[in-house]
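Colleague: Below are the sequence and a predicted model; questions follow.
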Amino acid sequence: MNQDELLQLSDLNLAESHREISRWNPNTDMAEQRDILFVCGPTTFPAVNFVIRVGRQPKSPPEELISRAKEFFGKRKRSFIIIVRTHIDKDLLNRCQELKLFQVSNLPGMFIEGTLEDRPLPSSVALQHVTNEAMVNDFAEVVAFSYTALGLPENVGRSMFSDPGAFLVPHVYAVVAYQDHKPASCALALMSHGIAGIYYVGTVEAARGMGLADTVHVRLETLPSSLALAASFCRPACMVSLSTREWDTRNLLAILGSYALAVNLESFHKSRCPPSSMLDLSQIRSF
């Protein structure tokens, strides 16, 4: 599988992740028009209100995308973010720069070819597959507390999982690591288009430094064989396998693509933010 094929599959999985996550809260409004996906999240926080192209060959000109986004989010009285796939949406990125939009972050996509070395869990930690609504709530709590480090308020992180039943579907495989019977780390794999995307890898502050995030990720590679994972894609700071052959874990990272987040502020931030960084978006105003 070459890099172009990986990019195409990862873009498809990323788009599907936005659709899937939108189903976990009944107050999320999602619309798809041709090659544009609009998501109006359950809160006014801009990071959960966004527009992204989802086609392999962009068909909607930047001005059309921005105009439709203004209309979609304007009716809902929301600020919003434009997600730009920099490996394929260069025209949109250029237009964002021309409009002096503020680049919130630059998020690399990554992939791994091979399996990672498993790490034994500390004796105080138990890793469990999420199989009921109570465990979905535990997963949500880990996300709520861990993602504050990236600028996401607790209530926003928690709100994305307000319908636990919608989370429990066959194509989402989630795990929670419990430390002394308390939820401490989590991750999920979303299966689509023949690959698995790893999302929501997080660890609460008190449990960091133990390697739990690495462990939950590695355990996702040992999903039930019936899932027949052939390839995987992940968000920033996560790594997933593309095959099951052994390999040198020192050479496991490769940058697959990047996703620039732009919002309307007075000036466009031209320096690239670290991949894991987020800014306080609570005061962002609309176009």
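Modeller: It's in. Numbering: from 1, shown residues only.
Colleague: in this protein, what secondary structure element scores lowest on mean pLDDT?
Modeller: strand 231-234 (a mean of 36; mean pLDDT, DSSP states H and E).
Colleague: For the stretch 51-200 of the chain, just list every one of the helices.
Modeller: 62-75, 90-98, 133-146, 154-159, 164-167 (DSSP state H, counting those that start in this stretch).
Colleague: Please identify the most buried of these.
Modeller: Of those, the one with the most neighbours on average (mean count of other Cβ atoms under 10 Å) is helix 133-146, at a mean of 20. Every residue, glycine included, has its C-beta placed from N, CA and C.
Colleague: Do me a favour and average the pLDDT over it.
Modeller: In this model, helix 133-146 has a mean pLDDT of 96.
Colleague: Could you do stretch 181-195 as well?
Modeller: Mean predicted confidence for stretch 181-195 is 90.
Colleague: That one: which residues count as buried?
Modeller: 183-193, 195 (16 or more other Cβ atoms under 10 Å).
Colleague: Repeat that for stretch 167-174.
Modeller: 167, 172-174.
Colleague: C-alpha coordinates for it, CSV please?
Modeller: Extracted in CSV, the C-alpha atoms of stretch 167-174 (Å, rounded to 0.1, in the frame of the first residue of the first chain):
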residue,chain,number,x,y,z
PHE,A,167,-21.5,4.4,21.3
LEU,A,168,-21.9,0.7,21.6
VAL,A,169,-21.8,-0.4,18.0
PRO,A,170,-19.9,-3.3,16.3
HIS,A,171,-17.5,-1.0,14.3
VAL,A,172,-16.3,0.9,17.4
TYR,A,173,-13.9,-1.0,19.7
ALA,A,174,-13.1,1.0,22.9
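Colleague: Any regions of the stretch 151-287 of the chain where pLDDT drops low?
Modeller: 221-287 (pLDDT under 70).
Colleague: where exactly do the strands run in it?
Modeller: 172-179, 182-192, 195-203, 231-234, 254-263 (DSSP state E, counting those that start in this stretch).
Colleague: The lengthiest helix in the chain versus strand 195-203: what angle between them?
Modeller: Determined from DSSP state H, the single longest helix within the chain is helix 3-22. Taking axes from the mean of the first three to the mean of the last three Cα atoms, to 10 degrees, one finds that helix 3-22 is oriented at 60 degrees with respect to strand 195-203.
Colleague: Quick check: which helices or strands does helix 3-22 pack against?
Modeller: strand 29-33, strand 36-40, strand 102-111, strand 182-192, strand 195-203, strand 231-234, strand 254-263 (3 or more Cβ pairs under 8 Å, 6 or more residues apart in numbering; DSSP states H and E).
Colleague: Tell me how far it lies from the chain's centre.
Modeller: Centroid separation for helix 3-22 versus its chain: 10 Å, with Cα atoms, centre = their mean, to the nearest Å.
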